[in-house]
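A.B. asks: curious how this folds, go ahead:
(one chain, ligands or ions: 2)
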Amino acid sequence: MTHVSNALSRRTLLAGLTAGPALTAIAPAAAETAAVKTAAQMAQAALKDATSTKLVLLGTAAGPVPGRSREMTSHVMLSNGSAYILDCGMGVTDQFARTGIPFHALKSIFITHHHADHNIEYGPLLIVGWIQGMPLDVRAFGPPPLQQMTVDFMRAYKQTVDFWSEDFKMKPLVSVNVQEVAAAGPVTEDDNVKVSAIVVQHPPVKPALGYRFDFKDRSIAFSGDTAPLEAVAKMAEGADVLVHETMLVPVLENYIRGQIAKGRPVKFDDFMAHMKADHTPAEDVGRIAQEAGVKTLVLSHLTPAIDSITDDEWSAPVAKYFKGEIIVGRDLMVV
Ligand SMILES: [Zn+2]
Ligand SMILES: [Zn+2]
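C.D. replies: Residues are numbered from 1 along each chain as shown. Ligands and ions are numbered 1, 2, ... in the order given. Reported below is the predicted structural model:
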């Protein structure tokens, strides 16, 4: 079994932000684009030279839709050698590995809310991460029922974990330390960062959270999934970076009309009413960022996440209201 020797050699070799092992272990299909490799190599180079806290956008697409060039939502922040993951959409484990950040650097995982594009790979990240050297004292934070979900997932995979730990004489991953977050306020604090949360508006999901990370050298705020919300502007006040979900309404309307014409079983008015009640149009993203006075605004959780939309199309409606730096998120981009 070649993946066994890969796993062992990775564990031996991954001592720091080394690029080689992470890439060789991926065994990319021949068709995997050069663009993915280049983005990974660029991220690795940026992190290797980093002297300050960095944010890597691991997945920048909205919605639980597989097979796109953008992965579902996830991020990692690297500060002083410790890694903090925010959201676990499908692809988080691969994308994390592509950054070259070793799994032993993973300190905490944060979940904004329990939609599949934010949590579906939470369990697999824990198991694969454990095999790759994730510390057993990794912590997880997120809305209820995260504790129960973690226990249930670990129960489902107990045999799998036990086989592996017996084979490789590893201490088994039994569970992780979960702290549920159900209300606004301080979440956790360690040597690198103070984390706080707000409750955002994303019906019927309750609670859905936004987070702010105040590192020693940099503050990074995340809207999570939300309708336009004053609380996000307040949370992000004076932050260096705000990562905000972004929806292009006219493009989405055209896109969904096309989908319905192809047989997607939704009604146009129902679909758009849901999207407007749950998500933030680009113009409002600009207003909120301007009110918050952030230095850099990252547009992410892009709706619709289709490749034909140019960066200018994403940023133009935002730039009408926000006068700071606008970054259109791309997977593996280092901010
Ligand atoms: Zn989402
Ligand atoms: Zn959502």
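
A.B. asks: enumerate the residues of the stretch 51-200 of the chain near ligand 1.
C.D. replies: Within the stretch 51-200 of the chain, the residues that sit near ligand 1 (C-beta under 5 Å from the ion) are residue 117. C-beta here means a position set from N, CA and C on the backbone, and glycine is covered the same way.

A.B. asks: and the strands in the stretch 51-200 of the chain?
C.D. replies: Assigned by DSSP state E, counting those that start in this stretch, the strands in the stretch 51-200 of the chain fall at 54-59, 74-79, 82-88, 106-110, 139-142, 177-180, 185-189, 193-200.

A.B. asks: okay, now the residue of the stretch 51-200 of the chain found nearest ligand 1: neighbour count?
C.D. replies: Minimum separation of the stretch 51-200 of the chain from ligand 1 (C-beta to the ion) falls at residue 117, amounting to 4.3 Å. As a burial measure, residue 117 scores 23 neighbours (other C-beta atoms under 10 Å).

A.B. asks: and for residue 152?
C.D. replies: By other C-beta under 10 Å, the burial measure for residue 152, its neighbour count, is 12.

A.B. asks: could you export the strands of the stretch 51-200 of the chain as a markdown table, including mean neighbour count, mean pLDDT and distance to residue 273?
C.D. replies: Converted to a markdown table, those look like this (neighbours: other C-beta atoms under 10 Å; pLDDT from 0 to 100; distance: least, C-beta to C-beta, whole Å):
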| stretch | mean neighbour count | mean pLDDT | distance to residue 273 |
| --- | --- | --- | --- |
| strand 54-59 | 25 | 98 | 26 |
| strand 74-79 | 25 | 98 | 28 |
| strand 82-88 | 26 | 98 | 25 |
| strand 106-110 | 24 | 98 | 30 |
| strand 139-142 | 23 | 98 | 27 |
| strand 177-180 | 15 | 98 | 31 |
| strand 185-189 | 13 | 98 | 32 |
| strand 193-200 | 22 | 98 | 18 |
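
A.B. asks: contact partners for the residue of the stretch 51-200 of the chain closest to ligand 1?
C.D. replies: Neighbouring residues of residue 117 by C-beta atoms under 8 Å, 6 or more residues apart in numbering: 61, 62, 63, 64, 65, 72, 73, 89, 90.
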